[in-house]
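>>> turn this into a structure:
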Amino acid sequence: MQHDTLIIIPTYNEYKNMQRMVPIVMELDKRFALLVVDDGSPDKTADLIENFQQKYENRIHLLKREGKQGLGTAYVAGFRYALEHSFQYICEMDADFSHDPHDLVRLVEGVRTGKGDIVIGSRYCKGISIINWPLSRLILSYSANLYARFVTGANIMDMTAGFKCIHRRVLEKIDLSRIRSNGYSFQIEVHFRAFKAGFTIAEESIIFREREEGVSKMSKAIVREAIWRVWSLKMQSIFNAL
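As a prediction, the model looks like this:
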């Protein structure tokens, strides 16, 4: 069977989560393949994925990188890999089960059937659907999305969503070499570039759960990057420099 969908999962010390995640994703749809972009995890996540490669022949892919290079560069590397290997549908997802892997089916089907060129797993399109976040984190995230929506003018409720399916034509059109964001503002940048290029972006409501294993990658530096990067993107769009 042709594997036309690539699920990209960046990892750093996600051994326990990936031990559970890989079998679930592999059982969802025989057309799904998985690409793990691992930044030299000391807990041997990459070794685990190599073991899975022997079990799921030709459906598990691995990019091993030296040291922590950031979320944005991991996804760009994954996007390039997807284009080079002729995948039609490319998904982003976290390793930590904050995104329910079973929702991948809905997101991919939305792109397959033309609901959107990008279909986002949204925490905010039908109220707020987040479990186990402290109030401070929820306020920060919700405010960041209001801010990004206001500055960019994009009518997307969850601008910072990291769970989505993208048709390859979007990645072929936007210039991946110009993407500069490397934290959570990476998601805003991808959505904004797709929006300005005229692609349709749809949202599917999901339930987002705080991770149970591992450590959150959120930091003050990531927040600062997002604040200034939104204005940078807006100014570039005004001067047709995206």
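>>> I'd guessed Trp133 sits against Arg211; true?
No. No contact is recorded between Trp133 and Arg211 when judged using C-beta atoms under 8 Å, the distance being 10.5 Å. For the C-beta atoms, the positions are set from N, CA and C on the backbone; glycine is no exception.
>>> what sits against the residue nearest in space to the middle of the chain?
Note on the chain: the residue nearest the mean C-alpha position is Glu92, at 3.1 Å, using C-alpha atoms, centre = their mean. Applying C-beta atoms under 8 Å, 6 or more residues apart in numbering to Glu92 gives the contacts Ile8, Tyr75, Gly78, Gly162, Phe163, Lys164, Ile166.
>>> which ones among the residues you listed are found in strands?
Residues of the contacts of Glu92 located in strands (DSSP state E): Ile8, Lys164, Ile166.
>>> give me the spatial nearest neighbour of the first one, chain neighbours excluded.
Spatial nearest neighbour of Ile8, excluding adjacent residues (C-beta to C-beta, 6 or more residues apart in numbering): Gly78 at 3.6 Å.
>>> measure that neighbour to Ser136 for me?
Relative to Ser136, Gly78 is positioned 31 Å away (criterion: C-beta to C-beta, to the nearest Å).
>>> quick one, what contacts the residue nearest to Ala154 when sequence neighbours are not counted?
Excluding its sequence neighbours, the residue lying closest to Ala154 (C-beta to C-beta, 6+ apart) is Phe195, at 4.5 Å. When contacts are counted by C-beta under 8 Å, 6+ apart, Phe195 is found next to Thr152, Ala154, Ile156, Ile201.
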